[in-house]
Every structure is written in structure tokens, then in C-alpha cells.
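Visitor: pasting the sequence and the predicted model now:
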Amino acid sequence: MTVVIKFGGNAMVDGDAMTAFIAGVKQLAKSGAQPVVVHGGGPQISAGLKAAGITSEFKGGYRVTTAESVQVVRDVLVNEVNKELVESMNASKVSAVSMPGDVDGLLTAEHRTVLVDGVQEDIGLVGEVVAVDASAISARVADGEVPVISTAARALDGQLFNVNADTATSAVAIALDAKEMIMLTDVPGVYANWPDRDSLIAKMTASELAALLPKLESGMVPKMEACLRAIEGGIPTVRVVGNLSDQGTQVTK
């Protein structure tokens, strides 16, 4: 049973969250699941861009990516975030393997725009994953390894794109025909009335989530759109959790 997990860069800067994540992956593997990890790196990318003298800008929850910044984004994702995550997992006896999305056609992307206040806006070299080399990922899984996929990607012509990790996770989950997708976030799940902590939703349908979208904070929108896309793509269950050991919010068709 393949389970695709989105792990955010925010959790990586929290030692306790990283430890809990690795323990959760280990437990999933012990239970007979086959975990596949797709990661972002928002805080690390912002720090890398700042060090390079490049200002970060966001529109509609997505990072605006220029020709100047896209290589920095890629280098941070692959050489810093991915490397640290794989090394930490291996040190904890989880057999993890690095799989950069922009290498050997693992993730193929096309340029995308983003809807901001009802208008489609160009946000630069940001791509949408249109193809996934599922066989390459499945081969690693068959060998008992946990693929750790970074979310830079290339177009067929070789153009490098920054790819939102939430949308990339849903594309990978659909390509692998995963039984479950887990969206690991910095909150315990989806709230009907954020920040009211008592309004955490245990279970909801995709249509209920779609109806809630306009009320969500901009940072949550790409995550929840990715969840909806996964359900529409045939994934039976999506869970939005703050910790892999939590139930969080379960979304089904």
C-alpha cells in the first residue's frame, strides 16, 4: 500500500517535528505501508534567497520565481533540504533515497499561472507537474527504500521550474495510484472556523472542502486544492495532519 506524504520545510526547522516525522514514517513502514515523501522547503528557500540578495514575493499563496531565483530555489531544495532529510532518515534506520524532481525526467512540468482575486497572474518560472516517472519511484519502493522527492522540475525543453510541493505531492500520489495521501502541515488539520481550535473537522467530503476553500487563509489554499486534486485523481483518502501519528482531518470523495 503506497502512502505519499507531503513534508513541509517548516517542520524541518523544528527538531521535535523532524523526529516525530521520521518516527511516523518508520511506523508506517512497519505497518506494511510503502511511504513516499515529497518535500518543500519554504523557510530554507526564503533564507537562501535572502542570502543571495533576492527579495521573496508571494501571490495567491505561491512564491513568485524569477530567472534569477529559480536556480537558488533548486539548489536549496536539493543540496540542503533533501540532503538533510535523507541523512536524518538514514541515521534513524529508515532506508531513504534522494530523488530530485528535476533529474532524469522524474517530474516534468509546464508553466502555470495562479488565480489571485479572480484574475490569472503570471508568477514567473513556476510550473505545474504534468508527468511523473512513476516506474522510477516504484523501483525504489520495490527495493525497500523510501524515495524522498524534491520539488524542482523541468519542462521537456529543459527549462527549470519551481514547483509547489503541495501540488507536486498530489501529482505523485495520482501517478503512483496511492491508497492514501497525507498532507503534513503546521496545524493539526482543517478548521471550520480558524483560529477557533474547537472547530477542527475530523471528517469531510471533497465537496465540503471545496465549499470551505474561500474561507481558508491563502497559505492553506494550495494545500487544500492539492487535496481536492488527489481525490479527483482517484486517491481514496487524503489526511491533513500536524503529526503522522494524529488522525487530523480525513477527506474522502
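Guide: That came through, no problem. Model, not experiment: these values are computed from the prediction.
Visitor: from now on I want contacts and neighbour counts done on CA atoms only, so please keep to that.
Guide: Noted.
Visitor: got a pLDDT number for residue 248?
Guide: pLDDT for residue 248: 94.
Visitor: likewise residue 234?
Guide: 97.
Visitor: mind starting the numbering at 36 from now?
Guide: I'll keep to 36 as the first residue from here, and by that count the last item is residue 269.
Visitor: that one in helix, strand or coil?
Guide: The three-state assignment at residue 269 reads coil, by DSSP: H, G, I helix; E, B strand; the rest coil.
Visitor: check which helix or strand covers the closest residue to it other than its chain neighbours.
Guide: Nearest-residue entry for residue 269: residue 209, 6.8 Å, with adjacent residues in sequence omitted and distances by CA to CA, 6 or more residues apart in numbering. If you go by DSSP states H and E, residue 209 is part of helix 200-210.
Visitor: next SSE downstream of that helix?
Guide: Later in the chain than helix 200-210, the nearest helix or strand by DSSP H and E is strand 215-219.
Visitor: quick one: strands adjacent to that following strand?
Guide: Within its sheet, strand 215-219 is paired with strand 37-42 (parallel), strand 272-276 (parallel), according to DSSP bridges.
Visitor: could you pull out the strands for the stretch 36-185 of the chain?
Guide: Assignment of strands within the stretch 36-185 of the chain using DSSP state E, counting those that start in this stretch yields the ranges 37-42, 69-74, 93-94, 97-98, 131-135, 142-151, 154-167, 181-185.
Visitor: how far does the longest one sit from its chain's centre?
Guide: Between the mean C-alpha location of strand 154-167 and the chain-wide mean there is a distance of 15 Å, by CA atoms, centre = their mean, to the nearest Å.
Visitor: that strand to helix 200-210, inter-axis angle?
Guide: 40 degrees (axes from the mean of the first three to the mean of the last three CA atoms, to 10 degrees).
Visitor: how about residues contacting strand 154-167?
Guide: By CA atoms under 8 Å, 6 or more residues apart in numbering, the residues outside strand 154-167 that reach it are 94, 97-102, 105, 140-150, 188, 195-199, 202-203, 206-207, 210.
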